[in-house]
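Participant: Pasting the sequence and the predicted coordinates here, then a few questions.
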Amino acid sequence: METSLSDLHIQELTTAVTLLENPSMAAKITNVIGMPIEKAIEFLPDNWQENIGKITQKSLIKATEAAIWSLEDIPVERPSNTWHKFGVAFSGSMGGFFGLPGLAIELPISTTIMLRSIADIARSQGELISENETKLACMEVFALGGESTSDDDAESGYFVVRAALANSITEASRFIATKKISEESAPALVKFIVNIAARFNVMVTEKAAAQAIPAIGAIGGGIINTLFIDHFQDVAKGHFIVRRLERIYGQELVKTYYNSILELAEDN
């Protein structure tokens, strides 16, 4: 196995670092709605925090059943990002038209489209969707891309989250026996989805809060959803670039270079 990354692969890894350590969803939404997302959350009814958590988990389960389990290993050179963005923007507009109650209908649709887009990006980076590990890596994207919560500035938030999910991914891989996801057939997979949902829920809450602002409406719902999928498409591209390089060089070497690039970027 190689002991150093080529110049081309260093450039690709630098792109991945930029995509994965980018500003949070909250910051992007704040720029659009013109107010801090914390202020926007005040527009949510008191009981909606709990409701959003339930909707998020159900959306991930439905999306997983409808999206990646039905895809085939067809080589993709360029993912269809634009078409997926259009679909999510349309569903967001419909959801925004019905306000917060529309989230329960809109989010499963949007999440399914996003997961299709993520899988498309995975295939463009040489992943085989037929492999269970790849399917789980696609779902993992929904937990990635946030700001680092690590106390060690030299350690990226990206690798911290991957490490936290590693055990549940291993367990889920062992229990995927059917294409139907249920507590009876794959309890470890359901547990993995719950772990993903706990992190994905933070961004769903931010999205719901923005759409709850009276002035946002249907048009704003489409804009927020476009930001939503754009964020996860960037995260997916960075994630699967890293995974492709790990297949060539091994995880530890890629992680070392990744953290060096990140530290250099923060110093500048």
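Facilitator: Received it, and whenever you're ready, just let me know what you need.

Participant: Leaving out chain neighbours, which residue sits closest to Pro36?
Facilitator: Of all residues not flanking Pro36 in the chain, Thr30 sits nearest, at 5.7 Å (Cβ to Cβ, 6 or more residues apart in numbering). Where you see a C-beta, it was placed from the backbone N, CA and C, and this is true even at glycine.

Participant: wait, that neighbour sits on Ile41?
Facilitator: No - counting by Cβ atoms under 8 Å, Thr30 sits too far from Ile41 to count as a contact (11.5 Å).

Participant: At which residues are the helices of this protein located?
Facilitator: Applying DSSP state H to the chain gives helices spanning 7-20, 25-33, 37-41, 48-66, 81-97, 103-124, 132-140, 157-175, 187-212, 217-249, 251-267.

Participant: in the longest one, what counts as buried?
Facilitator: Neighbour counts using 16 or more other Cβ atoms under 10 Å place 218, 220-229, 231-245, 249 of helix 217-249 among the buried residues.

Participant: Point out where the stretch 151-268 of the chain drops to low pLDDT.
Facilitator: 151-156, 176-186, 214-221, 268 (pLDDT under 70).

Participant: and with 50 instead?
Facilitator: 151-155, 183 (pLDDT under 50).

Participant: ok so, going back, so how far is Ser173 from the residue nearest to Pro36?
Facilitator: 37 Å (Cβ to Cβ, to the nearest Å).

Participant: More neighbours: the two, which one.
Facilitator: With neighbours defined as other Cβ atoms under 10 Å, Thr30 and Ser173 compare such that Thr30 has more, 19 against 16.

Participant: hang on, the earlier thing: for the residue nearest to Pro36, give its distance to His9.
Facilitator: 34 Å.

Participant: can you check Ile241 too?
Facilitator: 9 Å.

Participant: same question, Glu133
Facilitator: 22 Å.

Participant: and what of Asp234?
Facilitator: In terms of Cβ to Cβ, Asp234 sits 19 Å off from His9.

Participant: again with Ser173
Facilitator: Distance check for Ser173 against His9: by Cβ to Cβ, it reads 27 Å.

Participant: Same question for His231.
Facilitator: 25 Å.

Participant: swap in Ala236?
Facilitator: Taken as Cβ to Cβ, the span from Ala236 to His9 is 19 Å.
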